[in-house]
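**Student:** Kindly return the folded structure for what I paste below:
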Amino acid sequence: MITLSAEVCGQQRKVRVPEGYGTLNEAIRNDTTANGQRRDPNTIYVLKRGGVYVLSGTILASGFNLYLEAEEGDGPRPYMLMGFLTGAAQVDESIKVFNNLSMKSIYLTNINEFNTYLARIVSVDAPNVRLEFNDCLFDGSGQTFIRLNSGGSKIYMRNCTVSRMGRPSNPDNGRVIDDRGNQVDSIVVENNTWYNVTSRVIRDGGAEINYVRLNQNTYVNGGQRFAQVGPVREFYMNNNLIVNPRYIGNSPTSEIVALEFSAFGSSPVINFDYNNIYYEKEITDTWDYISTQQTTPKVKPPFVSPANQIYLTNATGLLEEELSFENGPVPPVQIILESELGSGSSVSDWDWSNAINTNPWGLNALAYHNFAYSNTSASYTGSNTGEPLGDLRWFLNYEITWNLVALIKEAEALISEYENNAVIESNPIALTNLQSAIAAARTVAENPAANRAITASSYQALQTSMQSFKSSFIITNVENPIESIYRFFPNPVRDFIYIPNTEGKADQVIIRGVNGQVLIVKSISMGIHLLETDQLPTGINIIQYVKDGRIMATQKMIKQ
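**Tutor:** Numbers count the residues shown, from 1 in each chain. Here you go, the predicted structure:
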């Protein structure tokens, strides 16, 4: 039996998990009371920096949200990998979730102890799940990083690196996000590096995607194509660096494009401003050589279809500038040659001869490679704000400034929500402090001389001020109050609700769909609680108030 230490930070319970074989599986699986109920369905499991966590099987999260994060500090990320399961069938995925998943500052490889590739890193098996990843590394999956087996998911990825998705000998696999034909609400990917992907970063099976935002990302080496987005209502692809988006190449008669999508809806929005898209010379030279060795020549694939070319033609700030990375991955020339001129089954695996470190659990870097490039290039000032194109983490000070700007926008939105909500009031001092913190943060963000330490301090100060502001909310009026001590407002709901529990008549709320599926579980103490509801499906949902394991009241909630 492992020993766990628990602490409460504000309203969030944290459990520190020791490194070792199966310790994380056991900590998550056995974190229950004597009657089998979760101690807290919103617990954060904190992993040791530099610790090695060998999984004893798939982490299964059903009936509770799964939150994994590294402990405080700046050391190497916790390293997770699957153990070889002696005497048992090997598993297909590292994590399977039926509720929300959040991971922060974690390194997870899908290559197990015996160098076998697992098929999937994260499998989502329930509708309307919210996935959030920040400052993580994901590596070495045989098929997919995220597989969506149900509809309505929202994916948010920031400051992450994803590499070695798929194996070159099997290019039909190797996807970052695979929706399996299920409708997707949102895909928001900002300030990430994705490289060496055998198939595509998004694989759509035909269902609609409501919103896609690919912003400020570095993408290098896509095998079959860059992305297959499919029908999309809003698609923003801005400030990206996209290198070798379909290195397999085309025959002259092929109609395969690097980016496949179609706009749908009454008012679709497609915006492709400010991107650098190109093929390395080693790749085009390899196509030329293959053309001399076989009757069917290899040609450069179009990035989009003729029907979609108008979006590139009308875009602002597009570049086709070849760059030299500080320590980039080896161009997949050998993979192309063996795929075209040799036997597909004998195609070489990814070449890691330029890897930064061969001991991944000791790695405290953004990736195995360095994607920084010259500050004299057009790409270095090519974004819509004059910053480098691609993942800003490769350029000193840019990344933390970018995150500070994003937090300023969140703080301004928070004040706007508060000012437009007639049922809450905040401590005037807290509001003034937040407004001052926003102004101070903006001054730092706009100061090119501000170093990383100053910028990070400003980020922390603004984050603290936002939390203090939210904690100061009090009720001034309840619109359409429910005649009960169990109530929430507003109703209908949009992005959040407030739950007054001033008498302590409940210790937990559960929100279910009309079919009974658990969508949200939240522990509540005495006081007023804000609960985010943006992930709920529109229409009728059910909220239940629980005390000591008993359902005390059930009410109807309408989500707009």
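**Student:** Look up phi and psi at the residue lying closest to Leu66 once chain neighbours are set aside.
**Tutor:** Spatial nearest neighbour of Leu66, excluding adjacent residues (C-beta to C-beta, 6 or more residues apart in numbering): Leu101 at 5.0 Å. For glycine as for every other residue, the C-beta is placed from the backbone atoms N, C-alpha and C. In terms of degrees, to the nearest 10, the main-chain angles of Leu101 are phi -130, psi 130.
**Student:** what bridges to Leu101?
**Tutor:** Leu101 forms beta bridges with Leu66, Leu131, as assigned by DSSP bridges.
**Student:** who's in contact with the strand ranked longest in the chain?
**Tutor:** Looking across the chain with DSSP state E, the single longest strand is strand 227-238. Here strand 227-238 makes contact (C-beta atoms under 8 Å, 6 or more residues apart in numbering) with 200-216, 258-265, 268-275, 383-384.
**Student:** if I pick the residue nearest the centre of the chain, what's in contact with it?
**Tutor:** Among the residues of the chain, Met157 comes closest to the average C-alpha position under C-alpha atoms, centre = their mean, at 2.3 Å. Applying C-beta under 8 Å, 6+ apart to Met157 gives the contacts 132-134, 188-190, 192.
**Student:** from those residues, which is closest to Pro252?
**Tutor:** Val189 (33.1 Å; C-beta to C-beta).
**Student:** Against Tyr156, how distant is the closest one?
**Tutor:** 8 Å (C-beta to C-beta, to the nearest Å).
**Student:** Sketch out the low-pLDDT regions of this protein for me.
**Tutor:** Counting by pLDDT under 70, the chain shows low-confidence ranges at 1-11, 86-88, 343-345, 357-363, 420-424, 473-484, 514-516.
**Student:** for it, which helix is longest?
**Tutor:** Longest helix in the chain, counting residues (DSSP state H): helix 398-419.
**Student:** That one: which residues count as buried?
**Tutor:** Judged by neighbour count using 16 or more other C-beta atoms under 10 Å, the buried positions of helix 398-419 are 398-404, 407-408, 411, 415, 418.
**Student:** quick one: contacts of it?
**Tutor:** 158-159, 190-191, 216, 387-388, 391-393, 424, 426, 431, 434-435, 437-438, 441-442, 444-445, 450, 452, 455-456, 458-459, 462-463, 465-466, 469-470, 473, 495-496.
**Student:** List buried residues within these.
**Tutor:** 158-159, 190-191, 216, 387-388, 391-393, 424, 426, 431, 434, 437-438, 441-442, 444-445, 450, 455, 458-459, 462-463, 465-466, 469, 473.
**Student:** if we can go back for a sec, could I get the CA-only coordinates of the strand or helix carrying the residue nearest to the centre of the chain as CSV?
**Tutor:** Using DSSP states H and E, Met157 falls within strand 153-158. Output of strand 153-158 as CSV, limited to C-alpha atoms (Å, rounded to 0.1, in the frame of the first residue of the first chain):
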residue,chain,number,x,y,z
SER,A,153,-15.5,17.1,-27.0
LYS,A,154,-13.5,20.3,-26.4
ILE,A,155,-9.7,20.1,-26.7
TYR,A,156,-7.4,22.8,-25.4
MET,A,157,-3.7,22.4,-25.8
ARG,A,158,-1.1,25.1,-24.9
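**Student:** quick check: angle from it to helix 398-419?
**Tutor:** Inter-element angle recorded for strand 153-158 and helix 398-419: 130 degrees (by axes from the mean of the first three to the mean of the last three C-alpha atoms, to 10 degrees).
**Student:** what are the pairing partners of strand 153-158, and which direction each?
**Tutor:** Next to strand 153-158 in the sheet, as set by DSSP bridges, lie strand 130-134 (parallel), strand 184-190 (parallel).
**Student:** Measure how far it is from the centre of its chain, please.
**Tutor:** Relative to its parent chain, strand 153-158 has a centroid offset of 4 Å by C-alpha atoms, centre = their mean, to the nearest Å.
**Student:** Quick check: Lys556 is in a strand.
**Tutor:** Yes - per DSSP: H, G, I helix; E, B strand; the rest coil, Lys556 lies within a strand segment.
**Student:** Skipping adjacent residues, who's closest to it in space?
**Tutor:** Nearest residue to Lys556, sequence neighbours excluded (C-beta to C-beta, 6+ apart): Ile540, at 6.1 Å.
**Student:** For Arg512, see how far away the one you found is.
**Tutor:** For Ile540, the distance to Arg512 - C-beta to C-beta - is 10 Å.
**Student:** Looking at those two, which has the bigger crowd around it?
**Tutor:** More neighbours surround Arg512 than the other of Ile540 and Arg512, with 17 against 11 (other C-beta atoms under 10 Å).
**Student:** Quickly list what the more buried one is bridged to.
**Tutor:** Arg512 has these beta-bridge partners by DSSP bridges: Val518, Ile542.
**Student:** Surely it is in contact with Val546?
**Tutor:** No - the criterion here is C-beta atoms under 8 Å, and Arg512 misses it with Val546 at 11.8 Å.
**Student:** for the stretch 251-400 of the chain, what spans make up the helices?
**Tutor:** Using DSSP state H, counting those that start in this stretch, the helices of the stretch 251-400 of the chain run over 281-293, 309-313, 333-341, 398-419.
**Student:** how about those helices in JSON lines, adding distance to Ser353?
**Tutor:** Shown next, in JSON lines, are those (distance: least, C-beta to C-beta, whole Å):
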{"stretch": "helix 281-293", "distance to Ser353": "15"}
{"stretch": "helix 309-313", "distance to Ser353": "35"}
{"stretch": "helix 333-341", "distance to Ser353": "11"}
{"stretch": "helix 398-419", "distance to Ser353": "27"}
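**Student:** Tell me which of those helices lies nearest to Ile558.
**Tutor:** helix 398-419 (19.2 Å).
**Student:** Look up which helix or strand the residue nearest to Lys556 falls in, please.
**Tutor:** Under the criterion of DSSP H and E, Ile540 resides in strand 539-547.
**Student:** which residues touch that strand?
**Tutor:** With contact meaning C-beta under 8 Å, 6+ apart, strand 539-547 is reached by 486, 488, 505-514, 519, 551-559.
**Student:** How far off centre is that strand?
**Tutor:** 28 Å.
**Student:** buried sites along it?
**Tutor:** So, applying 16+ other C-beta under 10 Å, buried residues of strand 539-547: 541-546.
**Student:** Of those, which is the nearest to Thr33?
**Tutor:** Using C-beta to C-beta, Val546 is the member of the buried residues of strand 539-547 that sits closest to Thr33, with 12.8 Å.
**Student:** List the beta-bridge partners for that closest one.
**Tutor:** Counting by DSSP bridges, the residues bridging with Val546 are Gln508, Ile551.
**Student:** Over to Phe469. Which of the three states is it?
**Tutor:** Local secondary structure at Phe469 is given as helix here, using three-state DSSP.
**Student:** measure it to Asn42 for me?
**Tutor:** Distance from Phe469 to Asn42, by C-beta to C-beta: 21 Å.
**Student:** before we move on, what about Val509?
**Tutor:** 11 Å.
**Student:** what do those two both touch?
**Tutor:** 521-522.
**Student:** tell me the angle the strand or helix carrying Gln460 makes with helix 398-419.
**Tutor:** Gln460 is located in helix 452-471, with elements delineated by DSSP H and E. Put simply, helix 452-471 runs at 20 degrees to helix 398-419, going by the same axes, to 10 degrees.
**Student:** For helix 452-471, name the packing helices and strands.
**Tutor:** If you count contacts as 3 or more C-beta pairs under 8 Å, 6 or more residues apart in numbering; DSSP states H and E, helix 452-471 packs onto helix 398-419, helix 428-445.
**Student:** what's in contact with the last one?
**Tutor:** If you take C-beta under 8 Å, 6+ apart as the criterion, helix 428-445 is touched by 401, 404-405, 407-408, 411-412, 414-415, 418, 450, 454-455, 458-459, 461-462, 465-466, 468-469, 471-472.
**Student:** Good, wrapping up.
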